[in-house]
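Undergrad: Can you look at this prediction? I've put the sequence above it.
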Amino acid sequence: MPSTADFRLSKFDSNSVGRSGKFIGRQTYWKLYSIENIFRVVIHSVLSAQLLPNDWWMVAVDTGIQKKAQSFQSNYVKKSWHGKPGSHSIYYIDLKDLNEIIRANANLFLPVIPDLDKWMVGIEELRLPRNVVAHMNFPNNTDMKRIDVFHDDCVTLITVVENKIALLIP
């Protein structure tokens, strides 16, 4: 599948490192970016519709996840010269935390996403291949295909959700 090889499989060449990175960015990274942000929008949309739109974070999210987000946010405030992930706390947590929010509020998601268990399993199965890419490593073909398929499924999920509730960007 890859037209570019993992740079670690041959004699070191800085151009090869760059080609590997560009390939992963073009083929895989953008899909992971899309997946995580689709779930942020889905979570925000569902919980805004089911709870109070401006208060769902404080009502539906575990205090440990809230504290983690708050800690990341305060680090960005201390280093204001860096860009910020987003204005809502949901942008300061990772895929595992997003899945936990869905699990803890499954009763609110089920009317909108009837096959919710499938999605939670999918997110969990994506975590390791996502971490390979997020930690600047080269995923194998199986992991790349898993990311491809899950991304395509997430695009379909947006249509399912949008047919039931308004999509809101946090």
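TA: Perfect, thanks for sending it.

Undergrad: So what's the residue count around Glu162?
TA: Neighbourhood size, Glu162 [other CB atoms under 10 Å]: 14. From N, CA and C alone the C-beta is placed, and that goes for glycine too.

Undergrad: Contact partners for Ser20?
TA: For Ser20, the contact set (CB atoms under 8 Å, 6 or more residues apart in numbering) comprises Thr4, Ala5, Asp6, Phe7, Phe138.

Undergrad: wait, what's in contact with the fourth one?
TA: Going by CB under 8 Å, 6+ apart, Phe7 touches Asp13, Ser16, Val17, Arg19, Ser20, Phe138.

Undergrad: Tell me how far it lies from Gly21.
TA: In this view, Phe7 and Gly21 are 8 Å apart by CB to CB, to the nearest Å.

Undergrad: which non-adjacent residue is nearest the most centrally placed residue in the chain?
TA: The centre of the chain sits closest to Glu36, judged by CA atoms, centre = their mean, with a distance of 1.8 Å. Spatial nearest neighbour of Glu36, excluding adjacent residues (CB to CB, 6 or more residues apart in numbering): Leu95 at 5.9 Å.

Undergrad: my read: that neighbour touches Arg127, true?
TA: Yes - contact criterion CB atoms under 8 Å: Leu95 and Arg127 qualify, at 5.7 Å.

Undergrad: Counting neighbours, go ahead and name the busier of the two.
TA: The neighbour comparison of Leu95 against Arg127 (other CB under 10 Å) goes to Leu95, with 18 against 14.

Undergrad: Please give me every residue in contact with that one.
TA: Glu36, Phe39, Ile123, Leu126, Arg127, Arg130.

Undergrad: Could you tell me which of these belong to strands?
TA: Using DSSP state E, no member of the contacts of Leu95 sits in strands.

Undergrad: coming back round to it: present the contacts of Phe7 as a markdown table; the columns should include pLDDT, distance to Leu157 and secondary structure.
TA: Shown next, in a markdown table, are those (pLDDT from 0 to 100; distance: CB to CB, whole Å; DSSP: H, G, I helix; E, B strand; the rest coil):
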| residue | pLDDT | distance to Leu157 | secondary structure |
| --- | --- | --- | --- |
| Asp13 | 88 | 41 | coil |
| Ser16 | 90 | 37 | helix |
| Val17 | 91 | 35 | helix |
| Arg19 | 91 | 33 | helix |
| Ser20 | 90 | 30 | helix |
| Phe138 | 91 | 28 | coil |
